[in-house]
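> show me the folded form of this:
(chains A, B, C and D)
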There are 2 protein chains.
Amino acid sequence: MIQCVKCGQVDGIMKAGYVRAKQRYLCKWCNYYFTHSEKDDSIQSLVKRKRHQTTIIDIAKSLGVSNSTVSRALHGHADISPETRQAVLDKAAQLDYQPNQLAYSLVKSKTNTIGMIVPEFQNQFFPNVIIGAHEVLTEAGYNLTIMQSNESYQVEISNTKAMLANRIDGLLISLTQETNNFDHLSLFAKRGIPLIQFNRVCDQIDVPKVVVNDFEASFQAVEHLILNGYERIAHLGGPLTLQVSQERLRGYRAAMEKYGKPIEDHMIIQGMLTQQKARIYGQYLLELTHRPDAIFAVNDSSAIEIMLMAQEKGISIPDELGVVGFSDNAESAYIGPGLTTVRQPTLHIGRTTAEWILQLVDAEEILLNEKRVLSTELIIRGSSRRCG
Amino acid sequence: MIQCVKCGQVDGIMKAGYVRAKQRYLCKWCNYYFTHSEKDDSIQSLVKRKRHQTTIIDIAKSLGVSNSTVSRALHGHADISPETRQAVLDKAAQLDYQPNQLAYSLVKSKTNTIGMIVPEFQNQFFPNVIIGAHEVLTEAGYNLTIMQSNESYQVEISNTKAMLANRIDGLLISLTQETNNFDHLSLFAKRGIPLIQFNRVCDQIDVPKVVVNDFEASFQAVEHLILNGYERIAHLGGPLTLQVSQERLRGYRAAMEKYGKPIEDHMIIQGMLTQQKARIYGQYLLELTHRPDAIFAVNDSSAIEIMLMAQEKGISIPDELGVVGFSDNAESAYIGPGLTTVRQPTLHIGRTTAEWILQLVDAEEILLNEKRVLSTELIIRGSSRRCG
DNA sequence: AAAAGTATCGGTAACGTTTGCGGAGACGTT
DNA sequence: AACGTCTCCGCAAACGTTACCGATACTTTT
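Now for the predicted structure:
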């Protein structure tokens, strides 16, 4: 009945237990264990039959040539006769052939994909950076995979892991407000994957960086307030874990010192600037017994929050309170008397980082610690223009 | 001198041409062709040496087990002893192992990646949709790859090709204003890759769709204008290739007809609504001899453009001109007297499409032609509130 | 006619995973 | 002794491409 699959003997086959719910046998002659597989390939094969995407092999078979010939023909390599090439191309079109980027990337160890991790999508800053980067990358035949860390250090880590798993060719990253450990980033250096920080950068790690001239921008903004007659200027800054926050604070201090204005510590607030936080901080500032007569905020949404609160409290802008923001959001031009703000070259930031990462991808060696500084522009509107 | 690599003979080796700049020989004894490869593996090998990412095989070797054991241990499969599993996990951590998603996807024919193609990033609509979708997808362990067609049909096609090449598990797409051929989309159906259209959908192709109640929203908006005493209402609509435009036009007509207002063809404009176009159309409308007393625009940026032009011309809003937009951009709350507009549930759209595509990815069969309609909300602000 | 050159194609080993199936030992039970 | 059950692990075939190295059939030169 049962026949040994090795020696073909029928006698001397003994049962030898079960394995995975199948009867197992042992042939005494050749001492070979085997299970009797009663193929039930009736329905099974139909169900398991995966949808087949046409591959290079399909083309090769239907043309009676080898896969290497097809591969070369599709890529316009040498060593292919014009007729063969054309036949392959025709057949590929006929079969709706789409190359499998996964297999390509696996063998070439190159994905033609650049990753980008941004902390948030709420402000228009990052979407605009994305537009700029996307433009350059698609032009160069690269894809852009975007992830969003949602201002969470943990999410940022899992994002970087996913990027590594997907074997991206390079990463553009803007850090979270929470991020104060950089081990997940040093992994990229260890693997030789180029990495560029932009906007939210940190100095603790040696990678190329793209930033704006936060110090000068901040200095100019505060100087502008001072020249418009404001005296007691408060600063609503971001968390000092971020270098941008540090730079903008430095600019604020420098301007205040240059013009001999007193710097009062309780007029400087640094923290995570969510909508609610901005409201709390604003409340605090506007209810101080000796109220500031101007506020320089680290982003526009906070500045706008301040303006709305001032409006509620009947504090007139710009007469009783000057406000300057940062980034030039779309709504900043339209609110109240117009919000004076520092315009960032968002598209340019995107393009610069993208062009740079493309260079690094092909580069032999990476010059670490280089920093490219782009220029901002102070947009003066009604919120800071006092006739003074 | 030259020795046959096959039979080892030294005599009877004849030169037999060049192949790829290498001398080629023929052994007369064994009739074997071969090239003499003068290995210059001195520098060559060093340069070509690719950076090695640690693989499962590395772990297996250093532990003296097989790759299958490592694979199973890493994935918590059965048939692995606790000690072995722990040893594998420790070694993986020690070697900074990152799984290669490409190889995984290749063998599993599954990338755990959802693609999304949007026409633009300028308005806040799509970034918000992305936020919603991203949230759901990351929660489910999926990645989101975003591409941007830039309102170009050609770019849309190349984007879909790239998505196919990357073997995404599903696609979320919002069409271009130009798109009027859908062959590139039917490829997905042909390959069994789920596809969902959202916002910019078309009826010519049978796929699941997520939209908002454009007809009702439009009807309500125009009705609101009429109830506020406006009589001659113009419509600044999008291109009629888009179904949203058609629906909003229908809503406009229905409201006008219900209240017996005359519909004048020259007061209905349909076209691509770039910033410049909006200005041109606005110019036209505001300079008609018999000027409309209200304008219902298909998006907020056009509506705002109208408001700014009216302001320039000294036309007061809302007294002489009522304006209603669509989408509730961030700036709409702040401009002038506030722009009345139709708020779209952007986050909800993103979440809905994402949840749906995840279902379809695992589904056996896809119910085509299903459409999910989400609700909008009319946000009434100063631009349409006439004391009338 | 040998030698050299040209043009075109095929075979096959990678790339890093997953997984079905089988091997083998240990131990218990008739 | 014969059989049953369990645990743990290895082999090898996929997945779709690319690229190196040959191989064959010619033509041209010496």
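> alpha carbons only for contacts and neighbour counts from here, please
Fine.
> excluding chain neighbours, what is closest to the one residue in the stretch 251-388 of chain A that gets nearest to chain B?
Relative to chain B, the nearest point of the stretch 251-388 of chain A is A:E331 (3.8 Å; Cα to the nearest Cα). The spatially closest residue to A:E331, leaving aside those adjacent along the chain, is B:E331, at 3.8 Å (Cα to Cα, 6 or more residues apart in numbering or on different chains).
> next one: the one you found from DNA strand C, what distance?
Distance of B:E331 to DNA strand C, computed by Cα to the nearest atom of the strand, to the nearest Å: 48 Å.
> that residue: what's it in contact with?
Neighbouring residues of B:E331 by Cα atoms under 8 Å, 6 or more residues apart in numbering or on different chains: A:A330, A:E331, A:S332, A:Y334, A:I335.
> out of those residues, flag the one nearest to DNA strand D.
A:A330 (44.3 Å; Cα to the nearest atom of the strand).
> leaving out the residues flanking it, which one is nearest to the closest one?
Excluding the flanking residues, the one nearest A:A330 by Cα to Cα, 6+ apart is B:E331, at 6.1 Å.
> sec struct for that neighbour, please.
Three-state call for B:E331 (DSSP: H, G, I helix; E, B strand; the rest coil): helix.
> doesn't A:F326 fall inside a strand?
Yes - residue state for A:F326 (three-state DSSP) corresponds to a strand.
> surely it and A:P345 touch.
No - at 11.8 Å, A:F326 and A:P345 do not qualify as touching, with contact defined as Cα atoms under 8 Å.
> what about those two, which has more around it?
A:F326 (27 against 18; other Cα atoms under 10 Å in any protein chain shown).
> residue ranges with poor pLDDT in chain A?
A:1-51, A:366, A:387-388 (pLDDT under 70).
> tell me, what residue is most central in it?
Chain A has A:I117 as the residue nearest its centroid, 1.7 Å off, counting by Cα atoms, centre = their mean.
> what strand or helix carries that one?
Using DSSP states H and E, A:I117 maps to strand A:113-118.
> how about A:L347?
Going by DSSP H and E, A:L347 is part of helix A:346-362.
> equivalent analysis for A:I295, please.
Per DSSP H and E: strand A:294-297 holds A:I295.
> does chain B sit close to the helix or strand just after that strand?
For strand A:294-297, the succeeding helix or strand toward the C-terminus, using DSSP H and E, is helix A:300-313. No - Helix A:300-313 does not reach chain B (Cα under 8 Å from any Cα of the partner chain); its nearest approach is 9.8 Å.
> quick check: buried residues in helix A:300-313?
Neighbour-count burial for helix A:300-313, with 16 or more other Cα atoms under 10 Å in any protein chain shown as criterion, is recorded at A:D300, A:S301, A:S302, A:A303, A:I304, A:E305, A:I306, A:M307, A:L308, A:M309, A:A310.
> which helices and strands does it pack with?
If you count contacts as 3 or more Cα pairs under 8 Å, 6 or more residues apart in numbering or on different chains; DSSP states H and E, helix A:300-313 packs onto helix A:275-286, strand A:294-297, strand A:322-327.
> can you list the neighbours in contact with that helix?
By Cα under 8 Å, 6+ apart, helix A:300-313 touches A:273, A:275, A:278-279, A:282-283, A:286, A:295-297, A:316-317, A:323-329, A:332, A:335, A:339, A:341.
> apply 7 Å and report the result again.
Contact with helix A:300-313 is made by A:275, A:278-279, A:282, A:297, A:316, A:323-329, as judged by Cα atoms under 7 Å, 6 or more residues apart in numbering or on different chains.
> could you do stretch A:282-297 as well?
Against stretch A:282-297 from outside (Cα under 7 Å, 6+ apart): A:222, A:230-237, A:303, A:306, A:320-326.
> helix or strand right after the host helix or strand of A:L144?
Using DSSP H and E, A:L144 sits in strand A:143-148. Per DSSP H and E, strand A:143-148 leads on to helix A:153-165 as the next helix or strand towards the C-terminus.
> tell me which element the closest residue to A:K261 other than its chain neighbours is part of?
With Cα to Cα, 6+ apart as the measure, A:E231 is the residue that lies nearest to A:K261, at 6.8 Å, once sequence neighbours are left out. Here A:E231 sits in a region with no helix or strand, counting by DSSP H and E.
> from A:R253, how far out is A:E231?
Separation of A:E231 from A:R253 (Cα to Cα, to the nearest Å): 13 Å.
> mutual contacts of these two, please.
Counting by Cα under 7 Å, 6+ apart, nothing touches both A:E231 and A:R253.
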